[in-house]
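# The sequence and its predicted three-dimensional model are supplied below.
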Amino acid sequence: MGTALVRTMMSWAARFRLRQYVKASLWIVPLFGLLLGAVLAGWAADADGAGWLPGTWQYSASTASTVLSSVVGSMVALLGFVVTIGVLVVQQATGTLSPRYMRLWYRDRLQKAVLATFTGTFAYAYSLLRGIESDSVPDLGVTLSGVAVSVSLVLLLIYLNRFTHNLRPVAIADLVGRMGQKVLVQGTEHIDRHAARAGASVPSAGPVTLIRSERGGVVQAFDAAGLIAAAALNDCVLVLAHQIGDFVPPGSTLVEAHGSAPSPDPRRVTGLVALGTERTIEQDPAFALRILVDIAIRALSPAVNDPTTAVQVLNHIDMFLHTVGRARLRGRYVLADDQGRPRLVVPGRSWEDYLQVGVTEIREYGATSLQVCRRLRALLEDLLESQPTDRLPAVRAELVLLDEAVRRTFTDPARRASAQTADRQGIGGGRRPRSEPSR
């Protein structure tokens, strides 16, 4: 009943933005921990009155007050420590990684669990401390507060170990790359399940209604099932005018309704497309590739000058592009309703789009690095060996551009020949003879 009421009061786009806010929020889960701690303190006080505790679990009023006061103070100090770590993470992410990664860091469940444990232990100990009297001591509660502190310390150690290791650029590249590949595979499978029959297309005749966006923003996601249902209800075909990740100015066309009279409710249709301030990975695997490239080119900047990190990120870009290569990409996807009739047309990204995002800027910023040129050539030659024939021209075109960049940068013939050698490790790996790209 409550869920149905929320769905009635809020559009799909509003619920999507709310879910994004909850996932990125650092205060909601700790707030629940705070409330749970206060509730558990009342339960522990009631359990003390049951008279079934062993005699060894007894404390004097002064000892219990000292213990609980220490717990309260330590939890406040640990919360400040975790906040300090968070500030350092923000500084590192914006300085040496990509600011786009911060959106993922805010969602880390372990971090929220640590904060919730600290706030819950604080509320638990403080609630018990208020009820201590000379003739009434919550013995069970005091003992459990020690257990809660132990759990908090263990989680803190796990937290420190995780972020000490996982804040390395290569670890973040692995995380982001796997997320992007997962979204790509799931999205492809979803499209295949709802794809219209071969040859289905948008009606060429009939009225076309332009549904405009009232607000501006980046297209973050859309409700495919809801759009198909809206199109079936009005017996039309809805065409998204923008692909995921595009910025939509206020008042511009967001959706086209083909063959509908009367047209669908504009407010309902626009409520099925979520617009926000920045891209998300939920339905946009190309954004994961964008983050990988940002990390690589940040490592290639003069301020950082770390081409080895760029080479390591290229390993994950290589894996990502091979995953893209196995997907059935099309310029647009036609989705059908339960009867197989076309109802929704969604613009898609081509193989060339993904390839250009993955290599263009790294080639431009890494043209002066010998190992980046060698690793990038190895990546492109791997794609030449693994991709179907229709995708090879784009790869060969990138090899031509790489050769031109190398010739402009390396004027010495020996260094130029070295830069044009494919090497999966950048420098020091197994060399392969240069393959001449077809023009």
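Received, thanks.
# tell me the secondary structure for Glu256?
strand (DSSP: H, G, I helix; E, B strand; the rest coil).
# That one: how many residues sit nearby?
18 (other Cβ atoms under 10 Å). C-betas here are computed from N, CA, C, even on glycine.
# how about low-confidence regions in this protein?
1-9, 48-57, 93-94, 198-205, 260-261, 430-439 (pLDDT under 70).
# Which stretches in it count as strands?
208-212, 217-222, 237-240, 247-248, 253-258, 273-276, 332-336, 342-347, 422-423, 431-432 (DSSP state E).
# biggest helix in this structure by residues?
Counting residues, the longest helix found in the chain (DSSP state H) is helix 61-96.
# Tell me the buried residues in that one?
For helix 61-96, a neighbour-count test (16 or more other Cβ atoms under 10 Å) marks 64-65, 67-68, 71-72, 74-75, 78-79, 82, 85-86, 89, 93, 96 as buried.
# again, but for stretch 245-254
In stretch 245-254, counting by 16+ other Cβ under 10 Å, buried: Gly245, Val248, Leu254.
# mind saving the C-alpha coords of that stretch as PDB?
What follows is stretch 245-254, C-alpha atoms only, in PDB (Å, rounded to 0.1, in the frame of the first residue of the first chain):
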ATOM      1  CA  GLY A 245      24.700  10.800 -21.000                       C
ATOM      2  CA  ASP A 246      23.500  13.700 -23.300                       C
ATOM      3  CA  PHE A 247      22.800  17.100 -21.800                       C
ATOM      4  CA  VAL A 248      19.300  18.200 -22.500                       C
ATOM      5  CA  PRO A 249      18.700  22.000 -22.400                       C
ATOM      6  CA  PRO A 250      15.400  23.200 -20.900                       C
ATOM      7  CA  GLY A 251      12.500  23.300 -23.400                       C
ATOM      8  CA  SER A 252      14.200  21.000 -26.000                       C
ATOM      9  CA  THR A 253      12.700  17.900 -27.400                       C
ATOM     10  CA  LEU A 254      13.100  14.900 -25.100                       C
END
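# returning to what we had before: tell me which of the strands of the chain sits most buried.
Ranked by mean neighbour count, those are led by strand 237-240 with a mean of 25 (mean count of other Cβ atoms under 10 Å).
# can you list the residues that contact that one?
202-203, 222, 227, 230-231, 254-259, 264, 269, 273, 342-347 (Cβ atoms under 8 Å, 6 or more residues apart in numbering).
# Listing partners with orientation, what would you give for that strand?
strand 253-258 (antiparallel), strand 342-347 (parallel) (DSSP bridges).
# out of the ones you listed, nearest to Val114?
Comparison of the strands paired with strand 237-240 against Val114 by Cβ to Cβ identifies strand 342-347 as nearest, at 39.6 Å.
# That closest one to strand 217-222, inter-axis angle?
Following axes from the mean of the first three to the mean of the last three Cα atoms, to 10 degrees, one obtains 130 degrees for the angle between strand 342-347 and strand 217-222.
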